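Colleague: Can you look at this prediction? I've put the sequence above it.
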Number of protein chains: 2
Amino acid sequence: MENEHIAALRKEYLKAKLEPSDLPENPVDTFGNWFELALLEKCNEPNAMVLSTVANNRPSARVVLLKDCTQSGLVFFTNYLSRKGQQLLENPYASLTFFWHELERQVRIEGKVHKVSADVSDAYFASRPRLSQAGALVSSQSQKIQSRDVLDKEMERLMSLPETETFERPEHWGGYNLVPDYFEFWQGRAGRVHDRITYELENGCWRKYRLSP
Amino acid sequence: MENEHIAALRKEYLKAKLEPSDLPENPVDTFGNWFELALLEKCNEPNAMVLSTVANNRPSARVVLLKDCTQSGLVFFTNYLSRKGQQLLENPYASLTFFWHELERQVRIEGKVHKVSADVSDAYFASRPRLSQAGALVSSQSQKIQSRDVLDKEMERLMSLPETETFERPEHWGGYNLVPDYFEFWQGRAGRVHDRITYELENGCWRKYRLSP
């Protein structure tokens, strides 16, 4: 790897500015506006977000897909027995990070997760493509395995079943809702003097602040 | 926000496959190969990575830029007094997550950070564009501020100085090297039956495993 190349990789962010007074009082509304723009501007996988969790005082992080966002929180689905599922069982605090390169925008969200109801998980599982449903059925997520042959064979068997045979959601697969208590909206600016607006939850009310870049 | 749209956002990953036997024994070599391809394929800001840290048993995460990668670790620079700087002072465990949409690839790295030497920080600071140097000088990173007027005025003053007046690196600004003890290389596959290859450090030697998707 030619390391002098890495050090020189930098992009000046020049697209927009951000003032706290321009943003709604409620951070979920701000998030909704930004997300709509990310869709409109055709950002690559706008609902991809990095979920960070903690185990034994060490962080671990991976991309998951946002599947719903309401005033109650942000929802994603996973295997509850996966590494992240086990971590969230022990420590429900988590953070979500969106980075929309195309908009030179980042959103950071922190809070606590709760499992969604079985009904919500059932409904979302039923809405997934059959191939993804089969994927959830064959995988013991995050377990070490010798090869993918077993997975491929089981996928083949499942996908050869008649479509009238519907796949049931496994009990260990479902959603989490992250209830936020902290948001940061970040707009890249020239010279790394970025605009950073945070929302903190104080006595049940959201307060906005500007942070130094 | 039209929430039914979010739930329906999904992309099938079909570009490539991954076998442990195809990957070098050393995960830094694998990372180097993947990074070179990300450059070659013109991924958007290939060196952007999400740095996750922990404070009070809660994760927080933000995008930083990779500035060097060697067998000794992965290097990024920041303000040591920023929120992440203070978190890393208390708890040096961190994770780095790269997501290269264009390659349908993700890399997850975990380990412990150490400050780099003052010489290394000096050399990198000196290589930065003058505007970014000024940006580092004016910002009390992550502190709450009333408006950006003070920043803008100070930037203007600094940038009006003759270029013969070089900017010195502030003592509270410098690099961290993350020394990894865990890597995961993730290649998206159809039906969410992804390929996941991890490297774990065991008695000083790297061992490769395949994980269930």
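Modeller: Arrived safely.

Colleague: What mean pLDDT does the biggest strand by length in chain A get?
Modeller: In chain A, with assignment by DSSP state E, the single longest strand is strand A:173-187. Across strand A:173-187, pLDDT averages out at 98.

Colleague: With stretch A:75-85 instead?
Modeller: 97.

Colleague: is chain B contacted by that stretch?
Modeller: No - looking at stretch A:75-85 against chain B by C-beta under 8 Å from any C-beta of the partner chain, there are no contacts, and the closest approach is 8.6 Å. (Each C-beta comes from the backbone N, C-alpha and C, glycine too.)

Colleague: residues in contact with that stretch?
Modeller: A:49, A:51, A:53, A:60, A:62, A:64-69, A:89, A:115-116, A:120-121, A:124-125, A:136, A:139-142, A:172-178 (C-beta atoms under 8 Å, 6 or more residues apart in numbering or on different chains).

Colleague: if you set the cut-off to 6 Å instead, what comes out?
Modeller: Contacts with stretch A:75-85, where a contact means C-beta atoms under 6 Å, 6 or more residues apart in numbering or on different chains, come from A:53, A:64, A:67, A:68, A:124, A:141, A:142, A:172, A:173, A:175, A:176, A:177.

Colleague: out of everything not next to it in sequence, what's closest to the fourth one?
Modeller: For residue A:68, ignoring the flanking residues on the chain, the nearest one in space by C-beta to C-beta, 6 or more residues apart in numbering or on different chains is residue A:75 at 3.9 Å.

Colleague: sorry, back to before: counting by contacts, list what the longest strand of chain A packs against.
Modeller: Where contact means 3 or more C-beta pairs under 6 Å, 6 or more residues apart in numbering or on different chains; DSSP states H and E, strand A:173-187 is packed against strand A:73-79, strand A:105-115, helix A:118-127, strand A:195-202.

Colleague: can I assume residue A:104 is in contact with residue A:189?
Modeller: No - under the criterion of C-beta atoms under 6 Å, residue A:104 lies out of contact with residue A:189, with a separation of 8.4 Å.

Colleague: Between those two, which contacts overlap?
Modeller: Joint contacts of residue A:104 and residue A:189 (C-beta under 6 Å, 6+ apart) are residue A:13.

Colleague: what's the pLDDT at the residue of chain A positioned farthest from its centre?
Modeller: Distance from the C-alpha centroid of chain A peaks at residue A:162, with 33.4 Å (C-alpha atoms, centre = their mean). Model confidence at residue A:162, given as pLDDT, is 97.

Colleague: all strands for chain A, in order.
Modeller: Going by DSSP E, chain A shows strands at A:48-55, A:58-65, A:68-70, A:73-79, A:93-100, A:105-115, A:144-145, A:173-187, A:195-202, A:205-211.

Colleague: In TSV, list the ones you listed along with mean neighbour count and distance to residue A:40.
Modeller: Shown next, in TSV, are the strands of chain A (neighbours: other C-beta atoms under 10 Å in any protein chain shown; distance: least, C-beta to C-beta, whole Å):
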stretch	mean neighbour count	distance to residue A:40
strand A:48-55	25	17
strand A:58-65	22	19
strand A:68-70	18	16
strand A:73-79	22	20
strand A:93-100	24	11
strand A:105-115	21	13
strand A:144-145	14	41
strand A:173-187	21	17
strand A:195-202	19	21
strand A:205-211	16	24
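
Colleague: so which of the ones you listed gets nearest residue B:44?
Modeller: strand A:93-100 (9.6 Å; C-beta to C-beta).

Colleague: Just the CA trace of that closest one, in PDB.
Modeller: Extracted C-alpha coordinates of strand A:93-100, given in PDB (Å, rounded to 0.1, in the frame of the first residue of the first chain):
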ATOM      1  CA  TYR A  93     -26.700   1.500  24.900                       C
ATOM      2  CA  ALA A  94     -25.900   2.000  21.300                       C
ATOM      3  CA  SER A  95     -25.100   4.600  18.700                       C
ATOM      4  CA  LEU A  96     -26.000   5.000  15.100                       C
ATOM      5  CA  THR A  97     -23.900   6.900  12.600                       C
ATOM      6  CA  PHE A  98     -25.000   8.000   9.100                       C
ATOM      7  CA  PHE A  99     -22.500   9.400   6.600                       C
ATOM      8  CA  TRP A 100     -24.000  10.800   3.400                       C
END
